[in-house]
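J.: Just to be clear, the model below is a prediction. Sequence and coordinates:
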Amino acid sequence: MTRILDSSFVLYMISRLSAPYHYATILITCCFLSCADEKGSKLSSNKTGFFETTRIDIEKVIPTLQQQVEALKGDSTTQTEIDWVKQAYQESQYHPFWIGKGGVEDYTAQLLRQIDSLKFDGIQMQAYQLDSLQHTIQKIQSEKLKDALSLATFEMKVTQSLMQATHDMVLGENFETSPNKDWKNKNDSNFHAVEYLRNALEKGEIKDVFSKLRPNHAWYSKFRNEYIKLQKLQTQGGWSQVNDVDDTLVNGYRSLQLQALRVRLQKEIGEPSDTNSDAWDENLSKSLQKFQFKHQIKATGILDSNTLKFLNKGIDEKLKTLALNMERMRWMRKDFAQPYIWVAVPKMELDYVENDSVQFNMRVVVGKKSRPTPSLDSKIENIVLSPPWTVPPTIMKEEIVPGIARRGGSYLARRGLKAYRGGRPVNPSMINSKNYKTFAISQAPGYRSSLGEVKFNMINPWAIYMHDTPHREDFVKSFRAYSSGCIRVHKPKQFAEFLLRDTVNYSYQKIDSICKKRSTIYIPFKRNVNVHIVYLTNALDSLGNVMYLKDVYGWDR
């Protein structure tokens, strides 16, 4: 997305705000109205101004400002936003919000500092024109800039930067649907915090307002803190490359490269504490294990070639990954109502979050690269014990039909599948690539069924759900992207018991007993539990440390 800037104010920026997100403009309007409130407000025009030596004739600026505001025009998708901006300036009688008789207002400098802090959110800063604005402020301070047009242009540029910042924080810098066809998460367009923000702005709490614009999720704040930490490390010189150690590493082995390894690990994960030793010991091995876990490498504590590759990744690459995933979180809803289920696809784990804590965690198997699990928001509809399985169209086309072509009816029999047409059993050899849509292929319930013994139905148009699996061996693997798109769960009966804990007669023993009968039972799920399937190549471990994960589907590109 081209980020064009000019002094014609916010027309371009407004055009980027789509109709469902008027609250972003409402926020800006509240900022304007708060700044315009000269009675009892800390953000009101301050008589001395930020620069006491400067005096501005506001009455001369007003007509020029009015001309610029009234010249704004929009189309069907931008007119609402333009109307908000015009209303704000009309209510202030076209008095500027960012400059006063005494010069640049105190809160204008506060605003620019908060916009500058967005660099720690991984947002590109060029659009905010901060250098230009600071240069103009210096001119105003030294009274080298007094003409009405220049002052009105400065006013507009500050407003433009605020609108850009609000857009980027609330909606994300850039989201294009074409390369993200499997991204189904929705931005929260029902963000209603206008009154709170108005009150915060009237009290002069601009920093707090910007904090409230950020996604309200623990992962986002941790990603941002990691970004700040790495940027600080970068300004201090970063870290050095670690060369391969040829000999077998045993306790007591010494090498200058091991001292370099200690320094490298200590800078990123804070361990080991001894960075002067050049010896291999148990503490160094444990520190290496923590580094490996942080980077989704099998935690062996051995300095293999794969671990060495991750050790030698530069800080820039990590910063880009963090910036990308903070941007992804801005594409999602701002608030996540609890309780909710959080399925992190690259991490290949599920968390049940309630009361700000993870109350259930388990490994999952996600879609393989050729059939990626889409990122989406849904909720649990019901829980099915001993679910039957009807082969979905995609698997029918890509697996079943070719299998029948190769092996005939035995292909279905070996997999416990049966073919039906109009509800009646048929010979599977009748099915081919031209007529397969007229047939149904299903599998009876049971432990060996593709859905296993428990299914968690979710409301969504893509037929994505969570379920048990007969392939239990996959859960011991570190890489678990093997499904056809749905989520296979490691502890299905325990999870069903946990979710049904408020429902009478659904203990683990009861659930297990029902499943053994192979009689399908649908249990309505009355609790309101949202499910968020997310694609983030950063994550948090159980201790709240940031992890760097494999880009399973190559979406980071």
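T.: In hand now; what should we look at?
J.: can you give me how far the strand or helix carrying Leu265 is from the chain middle?
T.: Assessed by DSSP states H and E, Leu265 sits inside helix 256-269. Put simply, helix 256-269 sits 31 Å off its chain's centre (C-alpha atoms, centre = their mean, to the nearest Å).
J.: What of stretch 254-262?
T.: Relative to its parent chain, stretch 254-262 has a centroid offset of 37 Å by C-alpha atoms, centre = their mean.
J.: neighbouring contacts of it?
T.: With contacts defined as C-beta atoms under 8 Å, 6 or more residues apart in numbering, stretch 254-262 is touched by 240, 242-245, 247, 272, 274-280, 284, 287-288, 303, 311. C-beta coordinates here come from the backbone N, C-alpha and C atoms, glycine included.
J.: Show me which of those are buried.
T.: Neighbour-count burial (16 or more other C-beta atoms under 10 Å) is assigned, among those, to Val242, Val245, Pro272, Trp280, Leu284, Ser287, Leu288, Leu303, Leu311.
J.: hang on, the earlier thing: packing partners of whatever helix or strand comes next after the helix holding Leu265?
T.: Past helix 256-269, heading to the C-terminal end, the next element that is a helix or strand (DSSP H and E) is helix 282-294. Helices and strands touching helix 282-294, by 3 or more C-beta pairs under 8 Å, 6 or more residues apart in numbering; DSSP states H and E, are helix 256-269, helix 305-311, strand 546-548.
J.: what sits up against helix 282-294?
T.: For helix 282-294, contacts defined as C-beta under 8 Å, 6+ apart pick out 251, 258, 261-262, 265-266, 268-269, 271-274, 277, 298-303, 307, 310-311, 541, 545-548.
J.: repeat that for 10 Å
T.: Helix 282-294 is contacted by residues 249, 251, 258, 261-262, 264-266, 268-274, 277, 280, 297-304, 306-307, 310-311, 541, 543, 545-549 when judged by C-beta atoms under 10 Å, 6 or more residues apart in numbering.
J.: again, but for stretch 245-252
T.: Stretch 245-252 is touched from outside by 253-258, 260-261, 279-282, 284-285, 288, 301-303, 308, with contacts defined as C-beta under 10 Å, 6+ apart.
J.: What residues sit buried inside that stretch?
T.: Counting neighbours by 16+ other C-beta under 10 Å, one finds that the buried residues in stretch 245-252 are Val245, Leu249.
J.: Of the helices and strands packed on helix 282-294, which is nearest Leu145?
T.: Relative to Leu145, the nearest member of those by C-beta to C-beta is strand 546-548, separated by 44.6 Å.
J.: what helices or strands is the closest one leaning on?
T.: Under the contact criterion of 3 or more C-beta pairs under 10 Å, 6 or more residues apart in numbering; DSSP states H and E, strand 546-548 touches helix 218-235, helix 282-294, helix 315-331, strand 538-540.
J.: can you put those in JSON lines and add distance to Val345?
T.: Converted to JSON lines, the helices and strands packed on strand 546-548 look like this (distance: least, C-beta to C-beta, whole Å):
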{"stretch": "helix 218-235", "distance to Val345": "14"}
{"stretch": "helix 282-294", "distance to Val345": "18"}
{"stretch": "helix 315-331", "distance to Val345": "12"}
{"stretch": "strand 538-540", "distance to Val345": "10"}
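J.: which one of the buried ones among the contacts of stretch 254-262 sits closest to Asn382?
T.: For the buried ones among the contacts of stretch 254-262, the residue nearest Asn382 by C-beta to C-beta is Leu288; the value is 45.9 Å.
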